[in-house]
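1. pasted the sequence and its predicted model underneath.
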Amino acid sequence: MMRLFYFLLLLILPFAGFAVATDTVITSPGQGLRISILTCGAGEELYASFGHTGVRVRDDRSGRDEVYNYGTFNFSDPDFYSSFVLGKLQYYLERSSFRDFMYTYQVEKRSVKEQELNLDSTQQQQLLQYLETNLLPENRYYAYDFLFDNCATRVRDIFPAVLGPEFYFGTILGNKPLSYRAIINQYLAAKHWERLGINLLLGSKVDSVMTDDGSMFLPAFVHKGLEHAQFRKTHLVSQERVLLASERVEQSRLNGPMWLMLGILILTVLAYLVRSFSYLKVAVRFVLLFVTGLLGCLMLFMWLGTAHQSCSNNYNILWAIPFNLPLAFLVGKKRGWLRTYALAGISLIIVSLIIHLIGIQTMPLIELSPLLICLMYVYMDLYKNNPPAVVPVSSTEEATS
């Protein structure tokens, strides 16, 4: 169950900056105001898998050096866990000192890049006023969404809002079609359990092709968009610098879920092909039906019972059938309806594979293929070993015969 909790965590916390906010002293801007965008690299921990974005404001005359951070949430909120699971966790904008902001990334050995903005004093004041307005109690909170509303998209939206139609981002994706799921999988390439979990919970929405604007749900893509962004036909970024170089080395890891699924497949084949393993067959059948049913219930809950937009329209539910959960306790006796259910289960697995092949929703088949084969064994056995459903004969038909 902890794995499932971590998968949910990935939906909610990947762009978190600080779990607990700190108060800082507000200083009035002077003439030496400078504003820049900070892009922080990915970290080892689950919540840091996709990096982070912040807005740095410096005033050389007053000594002010602060970061506006849209990735803040209150872990001590008594409703944290319920809001967390239901997708209603409120993030908010917080201002902290640059030194405090950088400390986390120094400790975690994560990179921090800075893009200083080429704006005149009027435009800087407008941007700062936008941030200060967002910082007001009635404006600072927002309903976080993994793909569509997070610390990166909030920073992305500052520029068209403040600078107007004379501003535009540079090209990010070019002509390369890329889905949300594909880029998420790239970021989680070495985190196999997390990648599998998020692929199971995220629905077909994440298989849509990203636009340049949509791609900026990731901090690195906001950074790329700003590299060639222009305002009034002048490059918006005056200079870039690396404040912290990453010292992390991504280690290749054994694909644990794949090997686990292969092990389950071997057990399933032995259970169904070796007659002396009848008790193993019962155990394997129960576990497969119970686990896939439980997983299907979770998917259904995340789709219909929460506000997570990215979990809707999840066609993994076709093979992870919620009804498998009670079925796990009912397959011990011969029943005609079990034969019909088994045929439906086989058909739904085939439909889910077709949905995968035509690109409506991509499944992690490297890990799932052995599991789907195991389910086919279970359904085929139920189909063969249960009698056809008996259709009641009416009294009229009996009299005629």
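-> Good, I have the coordinates.
2. heading C-terminal from the longest helix belonging to the chain, find the next helix or strand.
-> As assigned by DSSP state H, the longest helix anywhere in the chain is helix 278-304. Of the helices and strands lying after helix 278-304 in sequence (DSSP states H and E), the nearest is helix 324-327.
3. pLDDT score for the residue nearest to residue 39 when sequence neighbours are not counted?
-> Residue nearest to residue 39 in three dimensions, not counting chain neighbours: residue 223, with 4.1 Å by CB to CB, 6 or more residues apart in numbering. Yep, even glycine has a C-beta here, placed from its N, CA and C like the rest. Looking at residue 223, its pLDDT is 97.
4. and the helix or strand harbouring residue 223, how far out from the chain's middle?
-> Using DSSP H and E, residue 223 sits within helix 219-227. Taking CA atoms, centre = their mean, to the nearest Å, the mean C-alpha location of helix 219-227 is offset from the chain mean by 20 Å.
5. let's see that helix as PDB, backbone CA atoms only.
-> Provided in PDB are the C-alpha atoms of helix 219-227 (Å, rounded to 0.1, in the frame of the first residue of the first chain):
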ATOM      1  CA  PRO A 219      10.500  23.800 -15.400                       C
ATOM      2  CA  ALA A 220      13.100  22.800 -18.000                       C
ATOM      3  CA  PHE A 221      10.700  23.600 -20.800                       C
ATOM      4  CA  VAL A 222       9.900  27.100 -19.300                       C
ATOM      5  CA  HIS A 223      13.700  27.600 -19.300                       C
ATOM      6  CA  LYS A 224      13.900  26.500 -22.900                       C
ATOM      7  CA  GLY A 225      11.000  28.700 -23.900                       C
ATOM      8  CA  LEU A 226      12.700  31.800 -22.300                       C
ATOM      9  CA  GLU A 227      16.000  31.100 -24.100                       C
END
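6. after it comes which helix or strand?
-> Later in the chain than helix 219-227, the nearest helix or strand by DSSP H and E is strand 230-231.
7. what's the helix or strand following that next one in contact with?
-> Per DSSP H and E, the first helix or strand lying C-terminal to strand 230-231 is strand 234-235. With contact meaning CB atoms under 8 Å, 6 or more residues apart in numbering, strand 234-235 is reached by 118, 228-229.
8. put together JSON lines for the residues you listed, with neighbour count and pLDDT on each row.
-> Converted to JSON lines, these look like this (neighbours: other CB atoms under 10 Å; pLDDT from 0 to 100):
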{"residue": "118", "neighbour count": "15", "pLDDT": "96"}
{"residue": "228", "neighbour count": "14", "pLDDT": "92"}
{"residue": "229", "neighbour count": "20", "pLDDT": "96"}
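9. so where do the helices sit in the stretch 151-300 of the chain?
-> 151-156, 158-163, 180-187, 192-201, 212-215, 219-227, 256-273, 278-304 (DSSP state H, counting those that start in this stretch).
10. remind me which residues of this protein are low pLDDT?
-> 1-31, 389-401 (pLDDT under 70).
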